[in-house]
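>>> A structural model of the following input is requested.
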Amino acid sequence: MKKLILFFSFLLLITSCIPKVALSADYWQKPTKVGILINSNPPTKFKEGSQGLLDMAVTSGDKYKEALDLIGQNIHPKDELTIIYSDIFKSKGKEVIIIDEKFDSKTAKKFSGTKAEGKKYSSYDFSDLKTKYGVDELLFVNVNYGFMISYYGMIETGKMAHAALDTKIIDLNDQHFILANYNFKNELLKKWKDNNYENSIKGVRTALDKVELEEKAIFNPK
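Reported below is the predicted structural model:
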């Protein structure tokens, strides 16, 4: 019961802190050129726990390092997501430019421009990409995957395979969000070490498959 409460505390906090902007009904009617930048972080161990409301942080790999290395060797979110989004946007009539650049939140230029009332804005200024690639908008997807470890105090109480996509479409004229959506899935893991971490790899694969399916539904609503 405590684990369930902790998980929903995590869900409430993480979703309440992230801006959400729905795609407008007429978005696909506008003939814009869209840059696609997939920022796929290395597979990582995350943690959630009971220290205060929530303690979620990237922690050292320690006993999970070998499993995380194998997950990284077998699962390549950047490649598959690039194909998924490219196909969606092209099928909707958008011109697509793949932007294969590294993104570092520590060194990226922060947005400091004027903000209009009623709009939500990127924390970062991607206007240089407009000039460099001739794009009007940027689809920026930040990808995290690996393990979500639950703690009660200092005691590890459970582990799940984890995948998360933070998806933004940004108008590069003023850096406001055309779309902002956060989508994550966790899969319970049992016997995570068995058969050279086979269940761990499969769990992350399943979590990623599920978030990819939801992403497709965002752009292709029924």
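>>> can you give me the helices in this structure?
2-16, 65-74, 77-91, 127-133, 194-219 (DSSP state H).
>>> Let's have these in JSON lines, adding distance to F177, mean neighbour count and mean pLDDT.
C-betas here are computed from N, CA, C, even on glycine. Output for the helices of the chain, formatted as JSON lines (distance: least, CB to CB, whole Å; neighbours: other CB atoms under 10 Å; pLDDT from 0 to 100):
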{"stretch": "helix 2-16", "distance to F177": "16", "mean neighbour count": "13", "mean pLDDT": "43"}
{"stretch": "helix 65-74", "distance to F177": "30", "mean neighbour count": "16", "mean pLDDT": "96"}
{"stretch": "helix 77-91", "distance to F177": "16", "mean neighbour count": "17", "mean pLDDT": "97"}
{"stretch": "helix 127-133", "distance to F177": "15", "mean neighbour count": "15", "mean pLDDT": "97"}
{"stretch": "helix 194-219", "distance to F177": "14", "mean neighbour count": "17", "mean pLDDT": "96"}
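>>> These: which one's closest to I97?
Between I97 and the helices of the chain, the shortest gap by CB to CB is with helix 127-133, which sits at 5.1 Å.
>>> Which neighbouring elements make contact with the closest one?
strand 33-40 (3 or more CB pairs under 8 Å, 6 or more residues apart in numbering; DSSP states H and E).
>>> Now the strand it packs on: buried residues?
Judged by neighbour count (16 or more other CB atoms under 10 Å), strand 33-40 contains these buried residues: V34, G35, I36, L37, I38, N39, S40.
>>> quick one: it to helix 65-74, angle?
Orientation check (axes from the mean of the first three to the mean of the last three CA atoms, to 10 degrees): strand 33-40 against helix 65-74 gives 150 degrees.
>>> circling back to that earlier point, quick one: which of the buried residues of strand 33-40 is nearest K20?
N39 (19.3 Å).
>>> right, and L139 touches F89 too?
Yes. Taking CB atoms under 8 Å as the definition, L139 is a contact partner of F89 at 7.3 Å.
>>> which neighbours do those two share?
V34, I36 (CB atoms under 8 Å, 6 or more residues apart in numbering).
>>> Return the distance of the residue nearest the centre of the chain relative to L179.
The chain has L165 as the residue nearest its centroid, 2.0 Å off, counting by CA atoms, centre = their mean. Going from L165 to L179 by CB to CB, to the nearest Å gives 12 Å.
>>> One more: A116?
Distance, A116 to L179, by CB to CB: 17 Å.
>>> more crowded one of the two?
The neighbour count for A116 versus L179, taken as other CB atoms under 10 Å, is higher for L179 (18 against 8).
>>> Identify the residues contacting the nearest residue to S112 once chain neighbours are set aside.
The shortest distance from S112 to any residue that is not its chain neighbour, by CB to CB, 6 or more residues apart in numbering, is 7.3 Å, and that residue is D125. Contact analysis of D125 by CB under 8 Å, 6+ apart lists K109, K110, F111, S112, G113, Q175.
>>> from memory the second one sits against S123, does it?
Yes. Taking CB under 8 Å as the definition, K110 is a contact partner of S123 at 6.5 Å.
>>> picking up where we left off before, buried members of the contacts of D125 into PyMOL, please.
A single PyMOL command suffices to select whichever of the contacts of D125 are buried according to 16+ other CB under 10 Å:
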select buried, resi 111+175
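>>> least confident pick among the contacts of D125?
Among the contacts of D125, G113 has the lowest pLDDT, at 91.
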